[in-house]
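A.B. asks: with the input below, show me the fold.
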Amino acid sequence: MVKGERADQLHALMSRLGFEVRNLDLLDRALTHASITAEDEGAPYDYESLEFLGDAALGLAVAHYLFEHKPDCTPGEYSRMRANLVNRRCLARLGQKLNIAPAIRLGKGEESAGGRNRSSLLADCLEALIGAIYLDRGWEAAHRFVVHTFQEEFQLATKAEAGWDYKSRLQHLCQAERIALPRFEVVRSEGPDHKKEFEVEVYLRGVPAGRGTGLSKKEAEQNAAKMALDHDAWRFAEED
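C.D. replies: Alright, predicted model coming up:
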């Protein structure tokens with residue numbers, strides 16, 4: 001059972017971030033790195049299982065928010081916005097903004113190696129924190145926490161979706177999902193110089209993902225990228 005200075009630290013964190021967990025052991029677990037258990041056989045847990053649960057709760061909360069606030073999007077557009085919101089860079093940025101690092105328990109070796117400043121640690125612990133809230137207070141509390149925490153990110157993601165061209169969207173999505181950038185190739189051009197039509201194929205990881213035509217190579221590339229996005233081709237490329 002969490003007591004003393006650690007309990008005070010966790011209560012202060014909840015007060016600062018505006019949420020409540022009744023079972024402090026869950027919150028302590030969400031903010032405990034596996035390096036503790038490796039160095040102390042008496043340490044009962046680490047955050048990894050809660051991270052798994054929090055990842056699922058986060059994905060649902062983000063999908064729910066987007067569905068409610070952007071009702072006219074296609075499945076591909078929803079998938080792109082969600083991917084931009086739940087990737088590790090976004091989670092680490094929010095973990096840093098929330099300043100959760102001081103409350104994370106680390107083993108001495110991990111601490112001395114600079115583990116507290118790792119982006120992956122902040123991202124993992126934020127997901128575990130969401131998992132702890134979900135287990136302790138239920139879906140509504142976890143959903144409220146995600147909506148409050150991600151509010152600015154939601155606005156940025158929806159504005160970006162509305163403002164980017166298709167080629168830029170596809171490139172950004174590939175970067176977010178750690179997929180090689182798309183390659184565009186002209187497969188056909190015909191007609192007189194003043195009215196030439198181009199056909200372009202876009203490749204993801206060397207596999208054709210979409211084809212588009214246009215009166216310029218730029219227009220054809222945009223249409224090819226749109227087809228790849230509409231068919232979620234980036235997702236299949238990631239899974240290959």
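A.B. asks: number of residues surrounding residue 50?
C.D. replies: 28 (other CB atoms under 10 Å). Where C-beta positions appear, they are placed from N, C-alpha and C, glycine not excepted.
A.B. asks: that one sits in which helix or strand?
C.D. replies: Here residue 50 sits within helix 48-69, counting by DSSP states H and E.
A.B. asks: contacts for that helix?
C.D. replies: Contact with helix 48-69 is made by 26, 29-30, 34, 73, 78, 81-82, 85-86, 124-132, 134-135, 139, 142-143, 146-147, 150, 154, 158, as judged by CB atoms under 8 Å, 6 or more residues apart in numbering.
A.B. asks: need the buried ones from these selected in PyMOL.
C.D. replies: Selection of buried members from the contacts of helix 48-69 for PyMOL, criterion 16 or more other CB atoms under 10 Å:
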select buried, resi 26+29+30+34+73+78+81+82+85+86+124+125+126+127+128+129+130+131+132+134+135+142+143+146+147+150+154+158
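A.B. asks: narrow the contacts of helix 48-69 to those in helices?
C.D. replies: Counting by DSSP state H, the part of those found in helices is 26, 29-30, 34, 78, 81-82, 85-86, 124-132, 134-135, 139, 142-143, 146-147, 154, 158.
A.B. asks: quick check: the gap between the most far-flung residue of the chain relative to its centre and residue 215.
C.D. replies: What lies farthest from the middle of the chain is residue 192; by CA atoms, centre = their mean that is 46.7 Å. From residue 192 across to residue 215, the span is 12 Å (CB to CB, to the nearest Å).
A.B. asks: same deal with residue 75?
C.D. replies: Residue 75 is 30 Å from residue 215, where distance means CB to CB.
A.B. asks: and those two? which has more neighbours close in?
C.D. replies: Neighbour totals were compared for residue 75 and residue 215, and residue 215 leads with 12 against 9 (other CB under 10 Å).
A.B. asks: not counting sequence-adjacent ones, nearest residue to that one?
C.D. replies: Distance criterion CB to CB, 6 or more residues apart in numbering; nearest residue to residue 215, sequence neighbours excluded, is residue 197 at 6.2 Å.
A.B. asks: got it, and residue 214?
C.D. replies: Using CB to CB, 6+ apart, the closest residue to residue 214 is residue 220 (3.8 Å).
A.B. asks: what's the burial count for that neighbour?
C.D. replies: Neighbours of residue 220 (other CB under 10 Å): 25.
A.B. asks: does it touch residue 200 like I think?
C.D. replies: Yes - using CB atoms under 8 Å, residue 220 is in contact with residue 200, at 3.9 Å.
A.B. asks: if I look at the residue nearest to residue 215, how far off is residue 221?
C.D. replies: 14 Å.
A.B. asks: joint contacts of the two?
C.D. replies: Shared contacts of residue 197 and residue 221, counting by CB under 8 Å, 6+ apart, come down to residue 214.
A.B. asks: so those two - more neighbours on which side?
C.D. replies: Higher neighbour count among residue 197 and residue 221: residue 221, with 25 against 14, using other CB under 10 Å.
A.B. asks: which residues does the more buried one contact?
C.D. replies: For residue 221, the contacting residues are 167, 184, 200, 202, 212, 214, by CB under 8 Å, 6+ apart.
A.B. asks: got a pLDDT number for it?
C.D. replies: pLDDT recorded at residue 221 is 93.
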